[in-house]
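S.K.: how does the following fold in three dimensions:
(chains A, B, C and D)
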2 protein chains.
Amino acid sequence: MAYTYEYPHPAVTADICIFSIREGRLHVLLIERLADPFQGSWAIPGGFIKMDEDIVVGAARELEEETGVAGVPLEQLGAYGMPGRDPRERVITVAFVALVPSDQMVLTAATDASDARWFDMDELPVLAFDHDVILADARAKLADKVTNRVTETAKSAFQFLPKKFTLAQAQAVFETLRGEELDKRNFRKWIAANWDLVDLKEKTSGGRHRPAALYSVDFV
Amino acid sequence: MAYTYEYPHPAVTADICIFSIREGRLHVLLIERLADPFQGSWAIPGGFIKMDEDIVVGAARELEEETGVAGVPLEQLGAYGMPGRDPRERVITVAFVALVPSDQMVLTAATDASDARWFDMDELPVLAFDHDVILADARAKLADKVTNRVTETAKSAFQFLPKKFTLAQAQAVFETLRGEELDKRNFRKWIAANWDLVDLKEKTSGGRHRPAALYSVDFV
DNA sequence: AGTGATTGGTGTCGATAAGACACCACGCCG
DNA sequence: CGGCGTGGTGTCTTATCGACACCAATCACT
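M.R.: Predicted coordinates:
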């Protein structure tokens, strides 16, 4: 079956920059391209938009197909459409940013037969197409989102923490997401002011150091 | 001539929200649709992306074709692609925001035979497609851009002022762009801190009131 | 039991930005 | 010459941010 148009149409894809934290470091999920162009290169996962689905829905579908993760808030980054970015045909991609908990992802990436791997953001391979540019923009957007407002995206940050967590653990997560070190006292002021922390009146034990108080978060 | 693809492709357009100030009020340029769908409705100008041009280049081309204005910084707003937003076929549009000087526009809109009109943002007609949503997003983005940073877009604000202007004139322009009234003293502090104003040591005359000092801006 | 290592936990100060707010100055017109 | 209309100025409060240093509690080891 073929589709014919009076005028040329570009292909439109949705690419999703899927960030996670693994072993305390920011990672991004990339897939290895099995076919030309850029065969063997790594690329941001994504795929073609279907004709009957909204762009963000298509992005969510691709995300679920490729990782099994659903219900994640997706933030649109923008459209990238430089001619020649795909040597086969004109492809315009709409990029999204997602932040997903690492443990869900490990599971699915393992069962998924396709060649997908987490990459440390500081050890990226050469990327296909213009995905290096997109990923850099996505990295900046992620840091900005998590830094500033109490958005859905920022709430996802707490998925990297156990239900009961210490403030030091929380600080490590936000430092990783923001890509910079934070002052301990200033961070504690910030998190107390911006999130509804519940003091569980419990303490850690077992470390060869002073026990830490445990907290949980209440979302409004 | 026809173009055939193995899989269906959406059409991709660039729509440009062209803002200007006319008689002290924020206006947007809309065109009347001559053909179905939405024949007779007003719409944001835009058009199809060519296969060999970048999206922002296509947006600039459409802007110039429809208004004669070139060299204007375009800011991408995002992609809009809800299915059914165009009843004919699947159309994904990438929206841009432009701020152009009013006098250039009057000239071109007059020579342009197509039916284009400036609309006061407070007296908008019913719009075709989902252009009401896009325009609302564009309005917010415009206000944000002009408010905060010293960007190219913000520099365009000074195009609505004569080379020699009074601070009251400048305040009126920024109030219009931001959509809110500003405190006189705070505005003067802000503009002095953020822009390189040159005191021309001249004064207005002719008003039945105290003369105003004239300034010009030096861009860095 | 003592000591050192390790992480937990706390408060102040200064700079900066933003917003609220009121009065006199000056030229023109009548 | 008086009043109308716009021009022009400074202080205070508040909130936010970042820089910055010390003691506390537990554990491991001796």
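S.K.: which positions in chain A make contact with DNA strand D?
M.R.: Neighbours of DNA strand D within chain A, by Cβ under 7 Å from any atom of the strand: A:183-186, A:190, A:193, A:203, A:205-211. The way it works is simple: take the backbone N, C-alpha and C, and place the C-beta from them, glycine included.
S.K.: try it again at 10 Å.
M.R.: For chain A, the contact set with DNA strand D under Cβ under 10 Å from any atom of the strand comprises A:147-148, A:178, A:180-190, A:193-194, A:203-212.
S.K.: what sits up against the longest helix along chain A?
M.R.: Longest helix in chain A, counting residues (DSSP state H): helix A:131-147. Helix A:131-147 has contacts (Cβ atoms under 8 Å, 6 or more residues apart in numbering or on different chains) with A:15, A:17, A:19, A:28, A:43-44, A:75, A:77-78, A:80, A:93, A:95, A:97, A:99, A:121, A:124, A:126-127, A:151, A:153-154, A:157, A:174, A:177-179.
S.K.: which of these are buried?
M.R.: Among the contacts of helix A:131-147, those classed as buried by 16 or more other Cβ atoms under 10 Å in any protein chain shown are A:15, A:17, A:19, A:28, A:43-44, A:75, A:77-78, A:80, A:93, A:95, A:97, A:99, A:121, A:127, A:153-154, A:157, A:174, A:177-178.
S.K.: drop anything exposed from the residues of chain A next to DNA strand D.
M.R.: A:178, A:187-188, A:204, A:212.
S.K.: still on that earlier bit, is the longest helix of chain A anywhere near DNA strand C?
M.R.: No. For helix A:131-147, no contact with DNA strand C is found by Cβ under 10 Å from any atom of the strand; the gap never falls below 16.7 Å.
S.K.: just the buried positions in that helix, please.
M.R.: Quick answer for helix A:131-147 (16+ other Cβ under 10 Å): A:131, A:134-135, A:137-139, A:141-142, A:145-146.
S.K.: taking the buried ones among the residues of chain A next to DNA strand D one by one, which sit in helices?
M.R.: Using DSSP H, these in helices are A:178, A:187-188.
S.K.: is it possible to get JSON lines of those that adds pLDDT?
M.R.: What follows is those, written out as JSON lines (pLDDT from 0 to 100):
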{"residue": "A:178", "pLDDT": "96"}
{"residue": "A:187", "pLDDT": "97"}
{"residue": "A:188", "pLDDT": "97"}
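S.K.: which of those lies closest to residue B:56?
M.R.: Of all these, residue A:178 has the smallest distance to residue B:56: 29.2 Å, by Cβ to Cβ.
S.K.: what about the closest one, distance to residue A:39?
M.R.: 35 Å (Cβ to Cβ, to the nearest Å).
S.K.: so what are the domain limits for chain A?
M.R.: A:11-147, A:161-218 (automatic domain parsing).
S.K.: so which of these is nearest residue B:218?
M.R.: Closest among the domains of chain A, once you apply Cβ to Cβ, is domain A:11-147, at 30.1 Å.
S.K.: columns distance to residue B:48 on top of the domains of chain A, output as CSV?
M.R.: Shown next, in CSV, are the domains of chain A (distance: least, Cβ to Cβ, whole Å):
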stretch, distance to residue B:48
domain A:11-147, 12
domain A:161-218, 39
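S.K.: worst average pLDDT in these?
M.R.: Lowest mean pLDDT of the domains of chain A: domain A:11-147, a mean of 91.
S.K.: out of the domains of chain A, nearest to residue B:50?
M.R.: Using Cβ to Cβ, the domains of chain A put domain A:11-147 closest to residue B:50, at 8.7 Å.
S.K.: ends of the closest one, how far apart?
M.R.: 34 Å (Cα to Cα, to the nearest Å).
S.K.: equivalent analysis for stretch A:20-38, please.
M.R.: Using Cα to Cα, the two ends of stretch A:20-38 sit 25 Å apart.
S.K.: list the helices and strands the longest strand belonging to chain A packs on?
M.R.: Counting residues, the longest strand found in chain A (DSSP state E) is strand A:11-22. If you count contacts as 3 or more Cβ pairs under 8 Å, 6 or more residues apart in numbering or on different chains; DSSP states H and E, strand A:11-22 packs onto strand A:25-32, strand A:46-48, helix A:55-67, strand A:91-99, helix A:102-111, strand A:116-120, helix A:131-147, helix A:167-178.
S.K.: past the longest one, which element shows up next along the chain?
M.R.: Later in the chain than helix A:131-147, the nearest helix or strand by DSSP states H and E is helix A:152-155.
S.K.: how far is that following helix from where the chain is centred?
M.R.: 11 Å (Cα atoms, centre = their mean, to the nearest Å).
S.K.: could you find the closest non-adjacent residue to residue A:78?
M.R.: residue B:76 (5.4 Å; Cβ to Cβ, 6 or more residues apart in numbering or on different chains).
S.K.: what about the one you found, neighbour count?
M.R.: 17 (other Cβ atoms under 10 Å in any protein chain shown).
S.K.: run through the bridge partners of it.
M.R.: Applying DSSP bridges to residue B:76 gives these bridge partners: residue B:96.
S.K.: which residues touch it?
M.R.: So residue B:76 contacts A:78-79, B:55-56, B:94-96 (Cβ under 8 Å, 6+ apart).
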